[in-house]
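>>> Would you be able to build a 3D model of this:
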Amino acid sequence: FSLQPDANIPAQQVSFGTSGHRGSAFDRAFNEWHVLAISQAICEYRKSRGINGPLFLGIDTHAVSPAAQASALEVLAANGVDVM
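Numbers count the residues shown, from 1 in each chain. Take a look at the predicted model:
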């Protein structure tokens, strides 16, 4: 989860599937850098659209989900987003 991806390698870039971010921490395709960037992008989108209600954040049962949740919460809190 903590390995830094190489943005020049397509397999390590942020990728979305039908139910969200896709990738494996083992090949740097799902990592903290992705979670931080996606969370910040969500904050910027909400701000640009005047969205100020709470954000509902869920996690799944994958091994790095708690770490990803903690990273996302840090970004959301830093941006003043109320999280449920």
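>>> and the residue lying farthest from the centre of the chain, helix, strand or coil?
Here the chain reaches farthest from its C-alpha mean at residue 50, the gap being 20.6 Å by C-alpha atoms, centre = their mean. Secondary structure assignment for residue 50 (DSSP: H, G, I helix; E, B strand; the rest coil): coil.
>>> just how off-centre is the helix or strand encompassing residue 34 within its chain?
Using DSSP states H and E, residue 34 sits within helix 32-48. Distance of helix 32-48 from the chain centroid (C-alpha atoms, centre = their mean, to the nearest Å) equals 7 Å.
>>> coming back round to it: please tell me how far the residue farthest from the centre of the chain sits from residue 59.
Taking C-beta to C-beta, to the nearest Å as the measure, residue 50 falls 27 Å from residue 59. The way it works is simple: take the backbone N, C-alpha and C, and place the C-beta from them, glycine included.
>>> Equivalent analysis for residue 46, please.
Residue 46 is 20 Å from residue 59, by C-beta to C-beta.
>>> what about the strands in the chain?
If DSSP state E is used as the criterion, the strands of the chain fall at 15-17, 20-22.
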